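> Next one to model:
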Amino acid sequence: MNKLVKIISLLIVSCIIILSLSACSYKTILPLYTEKIKSKSEDILNEAGTNITIRVEEIENILNDISLSDPVQSSIDYTEHFDVLDNSKKISDMLTDKYSNIPFVQGICISRVNGCTESITKESSYDYNELD
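Numbering: from 1, shown residues only. The predicted structure follows:
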């Protein structure tokens, strides 16, 4: 019986030591993991912000290119119906040629004061995995 008490006592002491070591380890490791997760999250958000900034700059460049293009600039002065229709075709062709293959552009529409619009749109749905 004395031997059994010693074994039980040894098991209890071992369990107490293991539990205290586990609690100490948990308290030590938890802040490290929390900090690591926080750091990774910040890195991911910073990278996403950088990617968004790059896309916005690309879109700004596209808009500047469109607004300064010859067909759009020359359409400001057209008053004759034929000239407007001819220039609308040129604008639509330019939009299709230059911008229809850009993955993140789903469509472009130019609306003018006189009610004319030129546009291109893509038929297929956008795959967000194409964003780097």
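> Output the longest helix belonging to this structure.
helix 2-68 (DSSP state H).
> And the helix or strand following that one, how far out from the chain middle?
Next helix or strand after helix 2-68 toward the C-terminus (DSSP states H and E): helix 70-74. From the chain centre to the centre of helix 70-74 is a distance of 33 Å (C-alpha atoms, centre = their mean, to the nearest Å).
> Which elements pack onto helix 70-74?
helix 81-99 (3 or more C-beta pairs under 8 Å, 6 or more residues apart in numbering; DSSP states H and E). C-beta coordinates here come from the backbone N, C-alpha and C atoms, glycine included.
> Helix 2-68 and the helix it packs on, what's the angle between them?
Between helix 81-99 and helix 2-68, the angle comes out at 150 degrees (axes from the mean of the first three to the mean of the last three C-alpha atoms, to 10 degrees).
> Could you give the average pLDDT over helix 81-99?
On average, the pLDDT along helix 81-99 is 74.
> buried sites along stretch 55-64?
Buried residues in stretch 55-64, counted by 16 or more other C-beta atoms under 10 Å: I62.
> pull the CA atoms of that stretch into CSV?
Extracted C-alpha coordinates of stretch 55-64, given in CSV (Å, rounded to 0.1, in the frame of the first residue of the first chain):
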residue,chain,number,x,y,z
ARG,A,55,-4.4,49.5,-60.2
VAL,A,56,-5.8,53.0,-59.5
GLU,A,57,-2.7,54.6,-61.2
GLU,A,58,-3.2,52.3,-64.2
ILE,A,59,-6.9,53.3,-64.4
GLU,A,60,-5.9,57.0,-64.1
ASN,A,61,-3.4,56.5,-67.0
ILE,A,62,-6.1,54.8,-69.0
LEU,A,63,-8.6,57.7,-68.4
ASN,A,64,-5.9,60.3,-69.2
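> So what's the gap between it and the chain middle?
On C-alpha atoms, centre = their mean, the centre of stretch 55-64 falls 15 Å from the chain's centre.
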